[in-house]
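> Quick check, what structure comes out for this input:
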Amino acid sequence: MGKVESIRIAGLAAFDPEPAIGAMSRHAPDLLDVLASGEPAAFATDSRERVVFWNRGAAALLGRRAEEAMGRHCHEVLGGRDAFGNRFCYANCSIAAMSRSGETPGAFELRVPPSGSGGDPQTVHVTVVRLPGPRADLFTLVHILHGVDERARLASALSRVAPSLHAVPALDAKPAPPAPGPAPEVLTPREREILAWMAAGLQNKEIAQKLDLSLATVRNHIHNTLEKLEVHSKLEAVSLAFRNGWVEREAAAAKR
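You can find the predicted model right below:
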């Protein structure tokens with residue numbers, strides 16, 4: 001790669017092989033100023049997928065010092081994985097390939113393993129901004145990062161479906177009899193099968209893989225199931241199915 005000139009800009013560690021920092025300064029001086037402050041966390045890669053700057057926010061969020069990241073390929077630095085544990089960051093990654101073809105990468109989530117031994121992976125939301133360079137094949141990808149608190153997200157999801165404290169009946173109150181639910185015959189065998197996998201904790205993508213169906217087909221079955229059961233969420237559908245004993249046997253088999 002030859003001699004690399006290292007520079008520091010207001011807390012932003014960078015080197016300039018293409019030159020990437022020059023391109024950023026021409027096209028987005030305000031963005032460069034924001035990133036130099038360290039908030040939001042961010043790093044950038046050149047069109048060869050090498051890390052060309054790494055701010056303090058990225059170092060704090062990902063647990064990797066700028067000195068460990070600069071000049072290396074980003075997949076070597078991050079080793080990121082998707083929500084299912086599959087390797088996401090690799091040489092010639094899809095984000096860089098999309099940018100080379102002129103496509104705009106969408107936002108995504110990434111699980112980054114700890115830099116040392118021990119610790120839990122850090123889930124981050126990534127937004128990519130493509131900055132053009134002096135030639136079409138020379139560009140800079142700015143990765144803006146936001147940490148995702150998995151526990152807080154789960155708590156938020158539960159709070160949306162948990163009953164209000166004011167709706168909890170008094171202990172001496174006689175519980176109302178459960179409302180009769182639709183007969184299981186309203187669901188097709190495939191819908192009941194998908195409902196059982198939902199009860200077993202599988203996501204739509206996993207169900208599609210299990211049943212060798214497209215993701216769109218699984219979503220359609222789930223939509224039809226919710227309409228037939230007259231519920232508004234998958235959680236309600238699973239709860240209703242267990243209350244009526246429709247999927248206990250299927251769900252138990254699915255977990256095995």
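> Now the biggest helix by length in the chain: buried residues?
Across the chain, the longest stretch assigned as helix under DSSP state H is helix 215-229. By neighbour count with 16 or more other CB atoms under 10 Å, helix 215-229 contains the buried residues 218, 221-222, 224-226, 229. All C-beta spots, glycine's among them, are computed from the backbone N, C-alpha and C.
> Turn the residues you listed into CSV, columns for distance to Ile207 and pLDDT.
Output for those, formatted as CSV (distance: CB to CB, whole Å; pLDDT from 0 to 100):
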residue, distance to Ile207, pLDDT
Val218, 5, 91
His221, 9, 90
Ile222, 9, 90
Asn224, 14, 89
Thr225, 12, 87
Leu226, 15, 87
Leu229, 17, 84
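> if we can go back for a sec, so which other helices or strands are in contact with the helix or strand just after the longest helix of the chain?
Where DSSP states H and E defines the elements, the next helix or strand beyond helix 215-229 is helix 234-243. Contacts defined by 3 or more CB pairs under 8 Å, 6 or more residues apart in numbering; DSSP states H and E place helix 234-243 against helix 189-199, helix 215-229.
> quick check: angle from helix 234-243 to helix 189-199?
Orientation check (axes from the mean of the first three to the mean of the last three CA atoms, to 10 degrees): helix 234-243 against helix 189-199 gives 100 degrees.
> what angle sits between helix 234-243 and helix 215-229?
60 degrees.
> Send me helix 234-243 as PDB with only the CA atoms.
Taking C-alpha atoms only, helix 234-243 is exported to PDB below (Å, rounded to 0.1, in the frame of the first residue of the first chain):
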ATOM      1  CA  LYS A 234     -48.600 -12.400  16.400                       C
ATOM      2  CA  LEU A 235     -48.300 -12.300  20.200                       C
ATOM      3  CA  GLU A 236     -52.100 -12.200  20.500                       C
ATOM      4  CA  ALA A 237     -52.500 -15.000  18.000                       C
ATOM      5  CA  VAL A 238     -50.100 -17.200  19.900                       C
ATOM      6  CA  SER A 239     -51.700 -16.500  23.200                       C
ATOM      7  CA  LEU A 240     -55.200 -17.200  21.800                       C
ATOM      8  CA  ALA A 241     -54.000 -20.400  20.200                       C
ATOM      9  CA  PHE A 242     -52.500 -21.700  23.500                       C
ATOM     10  CA  ARG A 243     -55.600 -20.700  25.500                       C
END
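> Same question for that helix: list its buried residues.
By neighbour count with 16+ other CB under 10 Å, helix 234-243 contains the buried residues 234, 237-238, 240-241.
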